[in-house]
Structure formats: C-alpha cells, structure tokens
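Undergrad: okay, predicted coordinates and the sequence, questions at the end:
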Amino acid sequence: MDIQQIKWYFVKALYQLYENEVYKTCLHYTKDEHISKDLTQRTFFSIYDHYESIKPGRIKPYLLRTAKNMTMNFLRDFKRLEEGQIEDLNEEDLKVLSVEDVFIREEEKELARKLGRDILIRLYDKNRNWYELVVMAYYFGIPQEEIAEQLGVNVDVIYSKLYRAKQWIRKNFQKKYDQYIKAIEN
C-alpha cells in the first residue's frame, strides 16, 4: 500500500467520523444545504493535502476551523460578486458561485455516488477478486502492470479479470447508467 492509499483511507475514516459536524458548521453560516455539502467536501479535500502538518489530537479542531474559513471565504466572494465589487470573473467563476449550479452539481454528484456505491456493493458480493482489482485499477489508478506485479500474476490475468468485471457491470448496470446520463442531461 502506498502513501496515497494511506492518505485516502485516512481522509475516508475522518469523513465518516466528522462529516456531520463539518456539515453543520458550514450550514450554520450559509443556511444552504447544497452549498454546505459542497463546502464539507472541500474541507475534507483540504485535509488530504495537509494531513502531515496536523498535530495528533487536533484533527477535529482543524476540520471545523477549515470548514468555517472556507465558508466565510465563499460567502465573502459571493457577497462581493452580488455587490459588483468583483468584475473580472469569467463565466466559469460565475458557475462556481451560482447557487442553482451548485444545487444541480450536487444532485448530479449524489446520483453518481449512489450508482457507484450500488455497483461496488454488488460487485463485492458477486466476486471479491474483481472488486479489489476494479478498485485498485480504476479507483486508485494503479497501473495494471503494477497490480500484476504486486499480486505475482501475469498482467494478462489482470486484463482478463478486469474485462470480465466490466462486462458484468455493463450487463447489470447499463440501464441504471443510461438513466443517470439521461437525468444529468435534462
């Protein structure tokens, strides 16, 4: 397991522990559920980048302070935009600050997360070996050659198992995937 995987598991565990408290902190200031969800995610991405500098026992205060600061920065920038103090924003910046766009993006993310969870849960139940390979290759982005080396098998075995896993996913989730694409296009 490399350092990136360790960092990811660390952030994932922290997310499970502190998601509600960070979300409530953001919601307290924004009064908007969707913006607060987005800011909560940004807070945890921040800890992924800076976790080496956080002292043990100070993780929760770090998360709550980061959530508050990100929320205040967001509100400050949004207020400045509304008051016309920010004039040099391009269309991409306006999309990021638009409440409607944030809402739509959150809905799309939730649909994608739900579909991804469903696929991974069912794949795990179907074949744990496929599940592990799919997570390593597509979730963590580990090259298939490296996976084969770690597992001590020929790379063709990895290609074959991933191919069969993808075929199974297509067979069982193509209809849901098509519904997801249709939902985000509308």
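TA: Arrived safely. Numbering: from 1, shown residues only.
Undergrad: quick one: which helix or strand includes the residue sitting nearest the centre point of the chain?
TA: For the chain, the residue sitting closest to the mean C-alpha position, by CA atoms, centre = their mean, is Gln41 at 7.2 Å. If you go by DSSP states H and E, Gln41 is part of helix 33-50.
Undergrad: what comes up buried for the helix ranked longest in the chain?
TA: Longest helix in the chain by number of residues (criterion: DSSP state H): helix 155-185. By 16 or more other CB atoms under 10 Å, the buried positions in helix 155-185 come out as Ile158, Lys161, Leu162, Ala165, Trp168, Ile169, Phe173, Tyr180. Every C-beta, even on glycine, is put in place using the N, C-alpha and C of the backbone.
Undergrad: tabulate those residues in JSON lines, adding columns for pLDDT.
TA: What follows is those, written out as JSON lines (pLDDT from 0 to 100):
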{"residue": "Ile158", "pLDDT": "93"}
{"residue": "Lys161", "pLDDT": "94"}
{"residue": "Leu162", "pLDDT": "93"}
{"residue": "Ala165", "pLDDT": "93"}
{"residue": "Trp168", "pLDDT": "93"}
{"residue": "Ile169", "pLDDT": "90"}
{"residue": "Phe173", "pLDDT": "86"}
{"residue": "Tyr180", "pLDDT": "70"}
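Undergrad: nearest to Ile47 among the residues you listed?
TA: Looking at the buried residues of helix 155-185 and their distance to Ile47, the nearest is Tyr180, at 29.0 Å (CB to CB).
Undergrad: relative to Phe173, how far out is the closest one?
TA: 9 Å (CB to CB, to the nearest Å).
Undergrad: returning to what we had before: distance to His50 added to the buried residues of helix 155-185, as CSV?
TA: Formatted as CSV, these follow (distance: CB to CB, whole Å):
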residue, distance to His50
Ile158, 34
Lys161, 37
Leu162, 34
Ala165, 35
Trp168, 39
Ile169, 35
Phe173, 36
Tyr180, 33
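Undergrad: quick one on the thing from earlier: what's the longest helix of the chain packed up against?
TA: Packing partners of helix 155-185 (3 or more CB pairs under 8 Å, 6 or more residues apart in numbering; DSSP states H and E): helix 99-126, helix 128-134, helix 144-151.
Undergrad: so that helix versus helix 144-151, what angle?
TA: Interaxial angle of helix 155-185 relative to helix 144-151 (axes from the mean of the first three to the mean of the last three CA atoms, to 10 degrees): 130 degrees.
Undergrad: how far off centre is helix 155-185?
TA: Centroid displacement of helix 155-185 relative to its chain, using CA atoms, centre = their mean, to the nearest Å, is 20 Å.
Undergrad: quick one, the helix holding Gln41 and helix 99-126 angle?
TA: Using the same axes, to 10 degrees: helix 33-50 against helix 99-126 is 60 degrees.
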